[in-house]
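S.K.: here is a sequence together with a model predicted from it:
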Amino acid sequence: MLSNLPDKDFFTMGEVSGLAGVTPHTLRYWESRLGAPKPSRLPSGHRRYTRADLETILWVKELLESRKFTFAGARRALLDRKRGRAASATGSGEGDAVPAKMMKTLLEVKRELRSMIAELSR
């Protein structure tokens, strides 16, 4: 994904816009709605994006356009990514990279615990 980028440490909004294939106002909107990326500002007020910011932008674009995540799901996926979890392929953004067999077992345990709680509360 980042292999065909220019050999630079910092990028302007115009460069990032061109590389990511989104308009500058879309980048500003994502910053306000998702809280990411958070580019630094030059004394002139212009945004200065790093390679990590660009990687985040490309990932957000994939989440929103390819995986059809909502903004809430993308925000959760960004938080999960920050915490070291993978994003869900279902579009929920819950970060459930748990194998199906393990998920089934967890759901069974959850049902059993709920039934125990119900019995104890009678």
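M.R.: Yep, it's here.

S.K.: contacts, neighbours, all on C-alpha from now
M.R.: Will do.

S.K.: what's stretch 46-64 in contact with?
M.R.: 2, 9-13, 16, 20, 27, 36-42, 69-71, 74, 91 (C-alpha atoms under 8 Å, 6 or more residues apart in numbering).

S.K.: for that stretch, give the mean pLDDT please.
M.R.: Mean per-residue pLDDT for stretch 46-64: 92.

S.K.: measure it end to end?
M.R.: Using C-alpha to C-alpha, to the nearest Å, one end of stretch 46-64 lies 26 Å from the other.

S.K.: now do stretch 28-46
M.R.: Start-to-end span of stretch 28-46 (C-alpha to C-alpha) is 12 Å.

S.K.: and for stretch 56-76?
M.R.: 13 Å.

S.K.: for that stretch, buried residues please.
M.R.: By neighbour count on 16 or more other C-alpha atoms under 10 Å, the buried set for stretch 56-76 is 56-61, 63, 67-69, 71, 73-76.

S.K.: among the residues you listed, which ones are in helices?
M.R.: Judged by DSSP state H, the buried residues of stretch 56-76 include 56-61, 71, 73-76 as members of helices.

S.K.: what's the average pLDDT for stretch 18-33?
M.R.: Computed over stretch 18-33, the mean pLDDT rounds to 94.
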